[in-house]
Every structure is written in C-alpha cells, then in structure tokens.
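Visitor: turn this into a structure:
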Amino acid sequence: MNPMLRVDDLHVHYGIIHALKGVSLEVQEGEIVAIIGANGAGKSTFLNTVAGLVRPSAGTVMFLGKRLAPRAHEVVKAGIALVPEGRRVFGNLTVHQNLMMGAYLRSDTAGIKHDEERVYKLFPRLQERHRQPASTLSGGEQQMLAIGRALMSRPSMLLLDEPSLGLAPILVKDIFATLREINAEGTTIFLVEQNARQALALASRAYVFQTGSIVLAGPSGELLRNKQIQEAYLGARGADRKRRRQSKVSQPPA
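Guide: All right, here's what the predicted structure looks like:
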C-alpha cells in the first residue's frame, strides 16, 4: 500500500545547528501515528517542516503521491492542517471568526457552514462561546478552538503539535477522546506529544526522536513494553525505586 505521507532523508539546519538528520518515515491513510521524544529532539521541527513552515536543507516530503511544496498555503491546499504548539489562536477575534480563518482558502459557503456545525458538535463549549473573543477562553477551550480551526480547512491529515501541553488531565482525556472520534470519521492524525503515555495510548504506531534522528519505531503496544521507553519517557525507573523503598520499609526487622 502506498503511504499517505512519505518522508525521505529529511534534513533541517538552523544556521550551524543540524536539527533533523536524515529522517525517513511513513504514515498510512486512516492511521493515528505519534512522535515522542525529549525536548529538543526535533519533533516540532519535523512537524513544522511537513506543514511548510520550515524549509528543509535536503530530503523530500510526499503526500498522496505528490511532492509537497515547502509553502504553508500549498500544504493546506494539498489537504494537511496543522494545530500548532501553544494553540496560537487569534485572541482579538471571536470563536466564530477564528473558525472562519481556518476556512480562508475555501469558497463553498454551504460546506463551510456544515463544517462549522461539525466543530460545534465535537466541541459544544465552542458553540456556547462562539461570540466571545478567543482571548477570554480557558487553555482547554483554546486548544479545542485550534483543533476546530484546523478542521475548517477540511483536511485529510491533521498534524498536532503537543495537544496536551498545559492542560489538566481531565481535559487531556477529553481532547484525546475527540481526536479518536475525528480519526474514526476518516481523518488521518499525526501528532507530536511530550506525554508519551497518552500518545502511545492514542496512536497505533509511534516514532521515537532523539537529537534529530529516529532511534526507535514500531507499534505502540511494543513501545509501551520497551524498557528503554519505560525508563526514559514513562517514569518506570522512578516508580521502581519507589516500590523498592516501600518494600524495604515494610519488611520486619531481622
């Protein structure tokens, strides 16, 4: 099967800093795929490069069999939408106006209206606040708005950069449940996520980035059982130490 997204030997430089070092990966249509890794591993740089916000030094990005131009508006036209890190909603615009910004390349009035109603169905709180400035929303509501704005371009692939960042656990659970629903409706999802446990629970496959390269990849279940992943990203080492200390405390004196 030909992949929906195919990236071959991607390199990115920021001056003398080699941020991505020959990254190659694939995403099949209908998948949820995650990238996990420490801060500074190149995760966001990779996603921004696919989205056309960063120009690569070398390598190719293919989407639906065609090479993507490294220009953001061309990437959106091709069917990819990015939910950026930190939400980046337009604070002085209302919820409705933010959603309309997501549809700026479209002219099908009826389709735009239909998709706005779909966003409100996914995120009822946005409908309740559709006349409010985005700056008055909570962090979780702004994340909902950022996802909704991306959906207004009617993408076939949704890119998300750290969707759980700064959110309370209950809101993270709600956001990730909605992402599953969006995926079930036919949108392929490719996300970068610092919360490795949440990412691996959501995605079917994942890639692990380290200093600009992929060091591990595979089904999420396998990565969850991988000791290296557990110790580096899931807090397993600390939990083991805690259990050992508790065991020593509970043992009766000799």
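Visitor: give me the low-pLDDT residue ranges for the stretch 1-150 of the chain?
Guide: For the stretch 1-150 of the chain, no stretch has pLDDT under 70.
Visitor: can you do 90?
Guide: Applying pLDDT under 90 to the stretch 1-150 of the chain flags the ranges 1-2, 38-40, 69-71, 84-88, 90-92, 104-107, 139-140.
Visitor: just the helices from it, written as ranges.
Guide: 43-50, 72-78, 95-102, 109-122, 124-128, 139-151 (DSSP state H, counting those that start in this stretch).
Visitor: ok, residues contacting stretch 17-33?
Guide: Counting contacts by CB atoms under 8 Å, 6 or more residues apart in numbering, the residues outside stretch 17-33 that touch it are 1, 3-13, 42, 45-46, 49, 56, 59, 156-157, 179-180, 183, 186, 188-191, 202-207, 209, 211-214, 217. To be clear about C-beta, it is placed using only N, CA and C from the backbone, and glycine gets the same treatment.
Visitor: can we see that at 6 Å?
Guide: With contact meaning CB atoms under 6 Å, 6 or more residues apart in numbering, stretch 17-33 is reached by 3-12, 42, 45, 183, 188-190, 202-205, 207, 212-214.
Visitor: can you map out the strands along this protein?
Guide: Using DSSP state E, the strands found in the chain span residues 5-14, 17-27, 32-37, 58-63, 66-67, 80-83, 157-161, 188-192, 205-210, 213-219.
Visitor: could you dump the ones you listed to CSV with mean neighbour count and distance to Q97?
Guide: Converted to CSV, those look like this (neighbours: other CB atoms under 10 Å; distance: least, CB to CB, whole Å):
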stretch, mean neighbour count, distance to Q97
strand 5-14, 18, 31
strand 17-27, 18, 32
strand 32-37, 25, 30
strand 58-63, 16, 29
strand 66-67, 10, 32
strand 80-83, 24, 17
strand 157-161, 23, 21
strand 188-192, 24, 26
strand 205-210, 22, 35
strand 213-219, 15, 39
